[in-house]
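In: heads up, no residue letters with this:
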């Protein structure tokens, strides 16, 4: 997604958005890891460090997301530095939203809301999809509540956590599962 006139006219402190490229993989892995795993993640509120050890992602998974034929990784930058990202994948009439990460020290300052709004705009206006879906670890009640305040609703569907596959982390408890959320999107008139 090339820079637009709106990006160049954005207010100071507002992130600039672009589609990530393979050159961004190391920065994306570091960003996602910092937001969810280890002690650095505790500086923000999205940490999963009490639920999971191990890695949240790796270069192979990020590269796969970047090269998906019906998807992209949206990167938000402040002063040329990556500060947030998300994965979008077109799945028929829906867009899947995942890998959402904001640098821990910047969480709570509106960057996450801006990334989500840009992802919704892109999915609705550029892809023409009518809804966005995601899966969130059910035990992340605070994160699910954040999404609900932004118009997502629980579908009542769940999927199992991939126990035994360390690419998704090493669970610290036996009852993890994913709750599915969806939000209807409206294209701009």
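Out: Yep, it's here. Everything numeric in this text was worked out from a predicted model, so none of it was measured.
In: Give me the most central residue, the chain.
Out: By C-alpha atoms, centre = their mean, the chain has its centre lying nearest to residue 100, at 1.4 Å.
In: List the strands paired with whichever helix or strand it is part of, with their directions.
Out: Using DSSP states H and E, residue 100 maps to strand 94-102. Strand 94-102 pairs in its sheet with strand 81-91 (antiparallel), strand 131-137 (parallel), by DSSP bridges.
In: which element follows the shortest one toward the C-terminus?
Out: On the C-terminal side of strand 131-137, the nearest following helix or strand under DSSP H and E is helix 141-149.
In: In that following helix, which residues are buried?
Out: For helix 141-149, the neighbour count (16 or more other C-beta atoms under 10 Å) marks 144, 146-147 as buried. For glycine as for every other residue, the C-beta is placed from the backbone atoms N, C-alpha and C.
In: how big is the angle separating the helix or strand following the strand holding residue 100 from helix 141-149?
Out: Next helix or strand after strand 94-102 toward the C-terminus (DSSP H and E): helix 111-121. Interaxial angle, helix 111-121 versus helix 141-149 (axes from the mean of the first three to the mean of the last three C-alpha atoms, to 10 degrees): 50 degrees.
In: for helix 111-121, the distance to its chain's centre please.
Out: Helix 111-121 sits 10 Å away from the centroid of its parent chain (C-alpha atoms, centre = their mean, to the nearest Å).
In: before we move on, what about stretch 99-114?
Out: With C-alpha atoms, centre = their mean, you get 10 Å for stretch 99-114.
In: what's the span of that stretch, first residue to last?
Out: 15 Å (C-alpha to C-alpha, to the nearest Å).
In: if we can go back for a sec, out of the buried residues of helix 141-149, who's nearest residue 15?
Out: The closest of those to residue 15 turns out to be residue 146 (C-beta to C-beta; 18.0 Å).
In: Report the secondary structure element holding residue 183.
Out: Per DSSP H and E: strand 177-184 holds residue 183.
In: other SSEs contacting that strand?
Out: For strand 177-184, the elements it packs on are strand 131-137, helix 141-149, strand 153-160, judged by 3 or more C-beta pairs under 8 Å, 6 or more residues apart in numbering; DSSP states H and E.
In: pLDDT weak spots in this structure?
Out: Residues of the chain meeting the criterion pLDDT under 70: 1-12, 187-189.
In: hang on, the earlier thing: got a list of what the residue nearest to the centre of the chain touches?
Out: Contacts for residue 100 (C-beta atoms under 8 Å, 6 or more residues apart in numbering) come out as 84-87, 112, 115-116, 134.
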